[in-house]
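1. Just the structure for this:
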Amino acid sequence: MKLLVLGGGGFLGYHVVAEALAMGHEVSTFNREGEAPVEGAEALQGDRQDDLSALRGRTWDAVLDTFSDPEAVGETARLLSGSVGAYGYVSGISLYHPDGPAVVDEGSPLRRADEGLDDALQERSIAKLRCEEAVRERFSGPVLISRIGIMVGPRDPTDRFSWWPVRLARTLAEGDEVLAPGDENRPVQFSDARDIASWMVRTLEAGGSGTFDAVGPGREVSIAEVLKACRDVAAEGAGVGAGEPEIIWAGEEFLRRNLVGIAEEERPLWFPEDQIPFRAVDSSRAIEAGLRFRSVEETARDTLAWVRSRPQGAELRCGFDPSFERELLRRWRKRPV
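-> The predicted structure follows:
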């Protein structure tokens, strides 16, 4: 298959390119830098908003797009219609209406632009929804839309999941306490970006189309299980005993009050309860269509290895300073009961 990846240098885009090349496909990337993120891919230079000339006159079997600008996505879909066999677009589950059912699926109510919800997700979600509409309206061939949730794994630019195996490796070495968020038994959902990438490439290759919720990990997993998996991989080959770190579960309301002023992207991944319930996205259609999820342990292991392979001195992009974490633990113990 000849695959065009629009962008390709970001988190998911990188893994799409890498997975497609590993499967033996021919891959072209299109971005402003004119650079391919993985050796073996063709690099095309241009701009989604004002220079698509490098795409004219070319043909591909499929294209994969992650952009969130409806006008640019629509223009690209129009240009590639007839010269590309199928269009894959990456959308998101945040476009489901926050007042919808407890378990959302592809038929659940969507946000509406005329509502003006006072919600940090509203603007971006409406943009994604309009991108979906633009692709369907302007591309004449099969369209595959993947609505994703939180993505984790190697190359995650946020480090929000990466924090946990790194943090638990530190506590195994130093014996300090770990602050953890909310109810330890609460189910959580997230996907390894490599699993989404692999599934989309395979589905496009097979001529698949349709709209799918693609959110892992494929079974009910609690936040406590996630942290245990991170602890277990942190202990592998570290020459440490089998002792369990002391994890202190602080209530969500306490965290909200004490993390005021700290942007969400600077906090470790903790699945706030007032956002769309990530535990309740039904991905059964995507699973029936071949989507498979690797274990939490494998994701944690590979993520920790990736963090450790970064240049010496490279800091995590999120997480708590040790002194601030100790202060939060002190406040938690002294809170009124």
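
2. Nearest residue to residue 79 in space, ignoring adjacent ones along the chain?
-> In this structure, residue 79 finds its nearest non-sequential neighbour in residue 52, 5.6 Å apart by C-beta to C-beta, 6 or more residues apart in numbering. (Each C-beta comes from the backbone N, C-alpha and C, glycine too.)

3. Distance of the one you found relative to residue 73?
-> Distance, residue 52 to residue 73, by C-beta to C-beta, to the nearest Å: 12 Å.

4. got the contact list for residue 155?
-> 11, 14-15, 193, 306 (C-beta atoms under 8 Å, 6 or more residues apart in numbering).

5. swap that for residue 5, sorry
-> 13, 16-17, 20, 27-30, 41, 63-64.

6. downstream neighbour of the helix or strand harbouring it in the secondary structure list?
-> Using DSSP states H and E, residue 5 falls within strand 2-6. Once the chain leaves strand 2-6, the next helix or strand it forms, by DSSP H and E, is helix 11-22.

7. Please work out the average pLDDT along that next one.
-> Mean pLDDT, helix 11-22: 98.

8. Settle it for me: which of residue 52 and residue 73 has more neighbours?
-> Applying other C-beta atoms under 10 Å to residue 52 and residue 73 shows that residue 73 carries more neighbours, namely 27 against 19.

9. got the residue ranges for the strands in the stretch 51-200 of the chain?
-> Assigned by DSSP state E, counting those that start in this stretch, the strands in the stretch 51-200 of the chain fall at 60-65, 84-92, 143-148, 151-152, 178-181, 187-188, 191-192.

10. pLDDT (mean, whole number) over the second one?
-> For strand 84-92, the mean pLDDT works out to 98.

11. Return the distance of it from the chain's centre.
-> Offset of strand 84-92 from its chain centre (C-alpha atoms, centre = their mean, to the nearest Å): 17 Å.

12. Please pull out the lowest mean pLDDT helix or strand from this protein.
-> When each helix and strand of the chain is scored by mean pLDDT, DSSP states H and E, strand 187-188 comes last, with a mean of 87.

13. Okay, now the sheet partners of that one, with direction.
-> Paired with strand 187-188 in the same sheet, following DSSP bridges, are strand 221-222 (antiparallel).
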